[in-house]
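**Q** Just a sequence and a predicted model for now, questions to come.
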Amino acid sequence: MESFGKYTSLRINRAWVRRGPLWQEGFHDHAIRTDEEEAIRVIEYIHDNPVRRGLCRRAEDWPWSTANAQYAGWIEHDWLW
């Protein structure tokens, strides 16, 4: 994750012509690799983040979410385990 963060921070900062931290410090790995119910719960939690922040009423309304109809089928649950 550290390598990914450094790489993406550098690229995004260059593209946006900005400097400084991009990602929040800390990374918490969750053991969801073998538990389908837990994986679905985490995906739904992530989908609901914009709703909790008051950015939209339903997760499906957030245009950049895989809960949005334009991304239907993008999450292939079979590859998770």
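**A** Good, I have the coordinates. Numbering: from 1, shown residues only.

**Q** can you give me the helices in this protein?
**A** 2-15, 36-52 (DSSP state H).

**Q** which one of these is the most hemmed in?
**A** Highest mean neighbour count among the helices of the chain (mean count of other CB atoms under 10 Å): helix 36-52, with a mean of 14. Just so you know, the C-beta spots here come from the backbone N, C-alpha and C atoms, and that holds for glycine as well.

**Q** what sits up against stretch 48-64?
**A** For stretch 48-64, contacts defined as CB atoms under 8 Å, 6 or more residues apart in numbering pick out 44, 47, 65, 67-70.

**Q** out of those, who has the most neighbours?
**A** With neighbours taken as other CB atoms under 10 Å, the top of the contacts of stretch 48-64 is residue 67, carrying 21 neighbours.

**Q** shouldn't that residue be in contact with residue 45?
**A** No - contact criterion CB atoms under 8 Å: residue 67 and residue 45 do not qualify, at 11.3 Å.

**Q** who touches both of those two?
**A** By CB under 8 Å, 6+ apart, no residue touches both residue 67 and residue 45.

**Q** before we move on, the earlier item: include pLDDT and distance to residue 17 when you put the contacts of stretch 48-64 into TSV, please.
**A** Listed next are the contacts of stretch 48-64 as TSV, based on pLDDT from 0 to 100; distance: CB to CB, whole Å:
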residue	pLDDT	distance to residue 17
44	91	36
47	93	31
65	89	27
67	89	32
68	90	29
69	89	34
70	88	29
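
**Q** Which residue, other than its chain neighbours, is closest to residue 70?
**A** In this structure, residue 70 finds its nearest non-sequential neighbour in residue 63, 7.6 Å apart by CB to CB, 6 or more residues apart in numbering.

**Q** Give me the distance between the one you found and residue 9.
**A** Separation of residue 63 from residue 9 (CB to CB, to the nearest Å): 24 Å.

**Q** Many thanks, have a good one.
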